[in-house]
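Q: I would like the atomic coordinates for the input below:
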Amino acid sequence: MSEPGFDADVPHRRLDVDDWDDVYVVGDVHGCRSELERMLEKLGVSDDDLVVFVGDLVRKGPDSAGVVSLVREAENMFTVRGNNEEKLIRGTKELDELTDDQMAWIRDLPVAISWADTLVVHGGVDPRKPLADHSVDELENCRELDGADGEPYWWEVHEGPHRVFFGHTPLAAPVYRRHAVGLDTGCVYGNELTAYDWHDDEFVTVSPEETVQERAASKWVRPAVAPMQ
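A: Here you go, the predicted model:
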C-alpha cells in the first residue's frame, strides 16, 4: 500500500517493519513507567523488536519523566504525539519533572506513524474526508462524529484503506475491528495497559499496581463485542 498522504503541517514518520523481528503497538501509558516496564518484559521485547506507542506517554501518572526517558533512549521505540504531549508543547499544561532535552524531544514527535497498511495516530481519523484534509488537532482528538448517520464513534464507520491504531478514548476493553484497533484501556485509571502483537494478531495486557486517578463508570466507552468487521 502506498504511503498515506498528510498535510504539510502534519509531521508523519514512515517505518519499514521488515527491519524488525516482532512488532508491538502499545496504548496510552500516562506516566505509568512500572506498568510499561512489566509490559515490555511480558512481551519479551529485544533490541530487534519494534515498539510503537499511540501517544500520551505523559501526564496523570506518577513518572512521566521516567516513561519519556525509557522511550526516548531506546532505538527500537517510537511514539506519535498525543493530545497530552500537545498540551505541553502549547503551554496549556506544564510538567516540571521534564527536562529541556525531554521537551525538545516531545516537540519533534510525529503526529502520525505508518508502515505497510497500518497507521498509528493518537485520536483517530474522520472517515468522511481524506487524510490530507486532517489537522493535527483532529488526528490527536478525533472521537465522536457528532452522531453522523447514527454512528457516534469514528471507528464504527471507518472502512479503510488503512488499519488505524489509536488511543485517547478510555475503553473498558480494546476496540478490535478490521480497520481500527483501540488500545487506551485506562491503565492510569486502574484498568489495564494494553499492547497489540502485530504479527500474531493478539492483545497482551498488564494490570496496574494502583489506581492513580479515579474515573466514573459512566465515562468509560464500552465497545460492542462483535465479530471483526
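
Q: And the helices in the protein?
A: Under the criterion DSSP state H, the chain carries helices at the ranges 33-43, 64-72, 83-90, 100-107, 136-141.

Q: Let me have those helices in JSON lines, extended by distance to Asp117, mean pLDDT and mean neighbour count.
A: Where you see a C-beta, it was placed from the backbone N, CA and C, and this is true even at glycine. Formatted as JSON lines, the entries for the helices of the chain read as follows, by distance: least, CB to CB, whole Å; pLDDT from 0 to 100; neighbours: other CB atoms under 10 Å:
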{"stretch": "helix 33-43", "distance to Asp117": "22", "mean pLDDT": "98", "mean neighbour count": "18"}
{"stretch": "helix 64-72", "distance to Asp117": "24", "mean pLDDT": "98", "mean neighbour count": "20"}
{"stretch": "helix 83-90", "distance to Asp117": "25", "mean pLDDT": "98", "mean neighbour count": "18"}
{"stretch": "helix 100-107", "distance to Asp117": "28", "mean pLDDT": "98", "mean neighbour count": "14"}
{"stretch": "helix 136-141", "distance to Asp117": "18", "mean pLDDT": "98", "mean neighbour count": "20"}
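
Q: got the ones you listed as TSV, with distance to Ala173 columns?
A: Putting these into TSV (distance: least, CB to CB, whole Å) gives the following:
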stretch	distance to Ala173
helix 33-43	17
helix 64-72	23
helix 83-90	22
helix 100-107	29
helix 136-141	22
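
Q: Which one, of those helices, ends up nearest to Ala224?
A: Taking CB to CB, helix 136-141 is the member of the helices of the chain nearest to Ala224, at 22.5 Å.

Q: And the helices of the chain: which comes nearest Asn191?
A: Between Asn191 and those, the shortest gap by CB to CB is with helix 33-43, which sits at 10.9 Å.

Q: Might you calculate how far stretch 166-174 sits from the centre of the chain?
A: Going by CA atoms, centre = their mean, to the nearest Å, the spacing between the C-alpha centre of stretch 166-174 and its chain's C-alpha centre is 9 Å.

Q: quick check: mean pLDDT across it?
A: Along stretch 166-174, the predicted local confidence has a mean pLDDT of 97.

Q: Which positions in that stretch come out as buried?
A: Within stretch 166-174, the residues that qualify as buried are Phe166, Gly167, His168, Thr169, Pro170, Leu171, Ala173, Pro174, counting by 16 or more other CB atoms under 10 Å.

Q: Contacts only, for the residue most central in space within the chain.
A: Against the mean C-alpha coordinate of the chain, by CA atoms, centre = their mean, the closest residue is Val54 at 1.6 Å. Taking CB atoms under 8 Å, 6 or more residues apart in numbering, we find Val54 in contact with 25-28, 79-80, 82, 120-122, 165-168, 183-184.

Q: Can I get the buried part of the residues you listed as one PyMOL selection?
A: Here the buried members of the contacts of Val54 are turned into a PyMOL selection, burial being counted by 16+ other CB under 10 Å:
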select buried, resi 25+26+27+28+79+80+82+120+121+122+165+166+167+168+183+184
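
Q: Look up which residues are beta-bridged to Arg177.
A: On the basis of DSSP bridges, Arg177 takes part in beta bridges with Ala180.

Q: pretty sure it is touching Trp155, no?
A: Yes. Using CB atoms under 8 Å, Arg177 is in contact with Trp155, at 6.2 Å.

Q: who has more neighbours, these two?
A: Taking other CB atoms under 10 Å, Arg177 and Trp155 do not tie; Trp155 has more neighbours (23 against 18).

Q: Now find how far off-centre stretch 194-214 is within its chain.
A: So, by CA atoms, centre = their mean, the centroid of stretch 194-214 is 12 Å from its chain's centroid.
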